[in-house]
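Asker: coordinates only, sequence not included:
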């Protein structure tokens, strides 16, 4: 057998094996890229589901805290506050605090800014209500100013809800 024929045969075999190897490497690279894309998509979907759950809970607990403040003011005005009333208000406050803390970890800045406004408004009214309950209001604080401040929380709540809906891509 001639050396030229051997070289041609070796080159043919090497070319065939090399082509198969390159095809396999390309397929592996494409498969890795596909897996990365699926992971990124899953991560994005999980992140959105986490935010959605957080937003639902935050919205609910902020509204319940606002309602509890209103109920507490009415109770304070009508009959005086009892231990059960205090427990109910503090439970609503604590639930909101927990949801707000969660939102601080998962919400983007636009949503967190509106949630912070709601947080400040709720805690300010809570402080005013508790001072009225103890009979030590700050100058200018009264049942009427507390009721107006409590009613004023609904606007920041609407802004927060709109920011959350926008972040989730809902209407």
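Answerer: That came in fine, so what should we check first? From a predicted model like this one, the values you see are computed outputs, not experimental measurements.
Asker: Stretch 32-51: which residues count as buried?
Answerer: residue 51 (16 or more other CB atoms under 10 Å). For the C-beta atoms, the positions are set from N, CA and C on the backbone; glycine is no exception.
Asker: what sits up against that stretch?
Answerer: Here stretch 32-51 makes contact (CB atoms under 8 Å, 6 or more residues apart in numbering) with 106-107, 164, 167-168.
Asker: cutoff 10 Å now
Answerer: Contacts with stretch 32-51, where a contact means CB atoms under 10 Å, 6 or more residues apart in numbering, come from 58, 102-103, 105-108, 111, 164, 167-169.
Asker: Is there a quick ChimeraX command that grabs whichever of these are buried?
Answerer: Remark: buried members of the contacts of stretch 32-51, expressed as a ChimeraX selection using 16+ other CB under 10 Å:
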select :58,102,103,107,111,164,167
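Asker: And the contacts of stretch 32-51, which is closest to residue 2?
Answerer: residue 169 (71.3 Å; CB to CB).
Asker: how about the closest one, what does it touch?
Answerer: Contacts of residue 169 by CB under 10 Å, 6+ apart are residue 48.
Asker: quick one: least confident helix or strand in this protein?
Answerer: One helix or strand of the chain scores below all others by mean pLDDT, DSSP states H and E: helix 3-78, with a mean of 83.
Asker: which strands and helices sit next to the helix or strand just after that one?
Answerer: For helix 3-78, the following helix or strand on the C-terminal side (DSSP states H and E) is helix 83-106. If you count contacts as 3 or more CB pairs under 10 Å, 6 or more residues apart in numbering; DSSP states H and E, helix 83-106 packs onto helix 3-78, helix 109-134.
Asker: quick one on the thing from earlier: turn the contacts of stretch 32-51 into CSV, columns for distance to residue 124.
Answerer: Compiled in CSV, these are given as follows (distance: CB to CB, whole Å):
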residue, distance to residue 124
58, 18
102, 21
103, 18
105, 23
106, 25
107, 21
108, 25
111, 21
164, 22
167, 25
168, 28
169, 32
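Asker: Closest one to residue 133 out of the contacts of stretch 32-51, please.
Answerer: Looking at those and their distance to residue 133, the nearest is residue 58, at 26.0 Å (CB to CB).
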